[in-house]
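# below are the sequence and a predicted model for it; my questions follow.
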Amino acid sequence: MLEHAYALLPEEWKTVCREHALPAFRAKQILLGLYQDKISNWNELTTLPGTIREKFASIFPLTAMQEVVRTPITGDGVTKVLLEAPDGQRVETVWIPADGRITQCISSQVGCAMHCAFCASGQLGCVRSLSAGEIVSEVLTLSRATGQYPNNIVVMGMGEPFMNYDAVLRALRVLNCQQGANIGARHITISTCGVVPGINRLANEGVQFELSVSLHAPSDMLRSKLMPVNRRWNIHELLEACDAYTKTTGRIVTYEYTLIDHVNDRPAHAAELIRLLHGRKARVNLIPLSPVDEFDGRTPSQADCLAFLDTLLKSGIHTTMRRSRGKQANAACGQLRLHNQKETRHGTENF
Ligand code: SAH
């Protein structure tokens, strides 16, 4: 199988150069070309001999996810971009400037197999996983268009990253490494719906990436209703894995909690969540539900969201709430693609 150029790590480029009888400095030139000059075609790498460029073009394709539709979400730069792979499959990514820094939310799969009730990404199931090269190219494509790399990466777009573990980890290592996009490990966040084996594996990778876990409910009964993954790994197993992760890595896990009106946002839920997290090293990030057509839950009132936040803060749990501009851009995972696919089916797409 052909290896996408973006899937290779610096050590691997060195090996490739050795195998092609090229001196080691060529590996540096290649990495500079890929990640500083951001070439989109091997022919642009004029520092390399023409014969090598041709050879590499045939074994390390440099095809990227191409921008199809750009949708401004807010007036201040938050933008969703629909990207298309060479086989026509589409994912979305979100560019979020805030406080002088830029966060890019990237996808790990086309669709998602986890079927969380409130999430638009899973409505159509999982079509396929993205390759490591495709995941890296989400960042390169936007970085070419904007002229800069993001400061932060969050794997919170479409897909469940731990159902595509190897490709996601490889892509994040490329984005993290100095000769790649050089994005600091602590500025890279992986979010999982609670795939316990993935948490266990990440604990032993020796990387400093941030881990977020989508909890969304304080009891198994409610969580299983909202998130089928809970029937495979329940809250107890999930929190045990997170505790072990913290013990091994020294990193604190952030629990994501999407607030849904009268479903999981009552004072009793807050109290149950506090009991659950009591004595644990944990942060909580509250996300007011972003309405999804296929789910009949509602966004709680701002007063209810603030009351929930306040209760957690008073109990001593480090808690944040996602700002509404972020909510629109971030929490509406998969909505752009879903919307766009429906349009495509009706033949009304205008590009
Ligand atoms: N598969 C990963 C990444 C998903 S998206 C995961 O489940 O963690 C990032 C976050 O947005 C998750 O916590 C997800 O549960 C949440 N989310 C999805 N749809 C949402 C919606 N309609 N409103 C609010 N949050 C949502």
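The structure has been received and is ready for your questions. Numbering: from 1, shown residues only.
# I'd like the distance between residue 221 and residue 230.
9 Å (Cβ to Cβ, to the nearest Å). Just so you know, the C-beta spots here come from the backbone N, C-alpha and C atoms, and that holds for glycine as well.
# name the residue in these two with the higher neighbour count.
More neighbours surround residue 230 than the other of residue 221 and residue 230, with 24 against 8 (other Cβ atoms under 10 Å).
# for the helix or strand containing the more buried one, packing partners?
Following DSSP states H and E, one finds residue 230 within helix 229-232. Secondary-structure packing of helix 229-232 (3 or more Cβ pairs under 8 Å, 6 or more residues apart in numbering; DSSP states H and E): helix 220-226.
# quick check: residues of the stretch 1-150 of the chain near the ligand?
Along the stretch 1-150 of the chain, the residues adjacent to the ligand under the rule Cβ under 6 Å from any ligand atom are 116, 118-119.
# lowest confidence element among the helices and strands of the chain?
helix 324-326 (a mean of 48; mean pLDDT, DSSP states H and E).
# can you show me the helices along the stretch 251-351 of the chain?
For the stretch 251-351 of the chain, the helices defined by DSSP state H, counting those that start in this stretch cover 267-277, 302-314, 324-326, 335-345.
# would you indicate which residues of the helix holding residue 230 are buried?
Across helix 229-232, burial judged by 16 or more other Cβ atoms under 10 Å covers 229-230.
# again with stretch 81-88
Result for stretch 81-88 [16+ other Cβ under 10 Å]: buried residues 81-83, 85.
# what does stretch 288-299 give?
Here stretch 288-299 shows 288-290, 292, 295, 297, 299 as buried, counting by 16+ other Cβ under 10 Å.
# in three-state terms, label residue 70 for me.
Three-state call for residue 70 (DSSP: H, G, I helix; E, B strand; the rest coil): strand.
# where does pLDDT dip in the stretch 1-150 of the chain?
Filtered on pLDDT under 70, the stretch 1-150 of the chain yields the residue ranges 1-2.
# which members of the buried residues of stretch 288-299 are the farthest-apart pair?
Within those, two members stand farthest from each other by Cβ to Cβ: 288 and 295, at 13.9 Å.
# so, low pLDDT: which residues of the stretch 251-351 of the chain?
Scanning the stretch 251-351 of the chain for pLDDT under 70 picks out 323-351.
# repeat the analysis, applying 50 as the threshold.
325-327, 329-331, 343-351 (pLDDT under 50).
# so which residues of the stretch 1-150 of the chain form strands?
Ranges of strands within the stretch 1-150 of the chain are 66-72, 79-84, 90-98, 101-105, 109-111, 126-129, based on DSSP state E, counting those that start in this stretch.
# out of these, flag the one nearest residue 50.
Nearest to residue 50, of these and by Cβ to Cβ, is strand 66-72 at 26.2 Å.
# pull out the buried residues from that closest one.
Here strand 66-72 shows 68-69, 71 as buried, counting by 16+ other Cβ under 10 Å.
# counting by contacts, list what it packs against.
strand 79-84, helix 132-146, helix 335-345.
# bridged to the residue nearest to the spatial centre of the chain, which residues?
By Cα atoms, centre = their mean, the chain has its centre lying nearest to residue 155, at 1.2 Å. Residue 155 has these beta-bridge partners by DSSP bridges: residue 190.
# return the residues in contact with it.
Residues in contact with residue 155 (Cβ atoms under 8 Å, 6 or more residues apart in numbering) are 105-106, 108, 161, 168, 172, 188-191.
# for the stretch 151-300 of the chain, what lies in contact range of the ligand?
Within the stretch 151-300 of the chain, the residues that sit near the ligand (Cβ under 6 Å from any ligand atom) are 156, 160, 191-193, 214, 256, 258, 287, 289-290, 292.
# any chance of those in TSV, plus distance to residue 275?
As requested, these are exported to TSV (distance: Cβ to Cβ, whole Å):
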residue	distance to residue 275
156	27
160	28
191	24
192	23
193	22
214	19
256	19
258	20
287	21
289	23
290	28
292	29
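# among those, name the ones in strands.
Under the assignment DSSP state E, those contribute 191-192, 214, 256, 258, 287 to strands.
# redo the residues you listed as TSV? Include neighbour count.
Converted to TSV, these look like this (neighbours: other Cβ atoms under 10 Å):
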residue	neighbour count
191	22
192	24
214	26
256	20
258	26
287	22
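# out of those, which is nearest to residue 279?
Relative to residue 279, the closest of these is residue 256; by Cβ to Cβ it sits at 20.3 Å.
# for that closest one, which residues count as its bridge partners?
Here residue 256 shows beta-bridge partners residue 214, residue 285, assigned using DSSP bridges.
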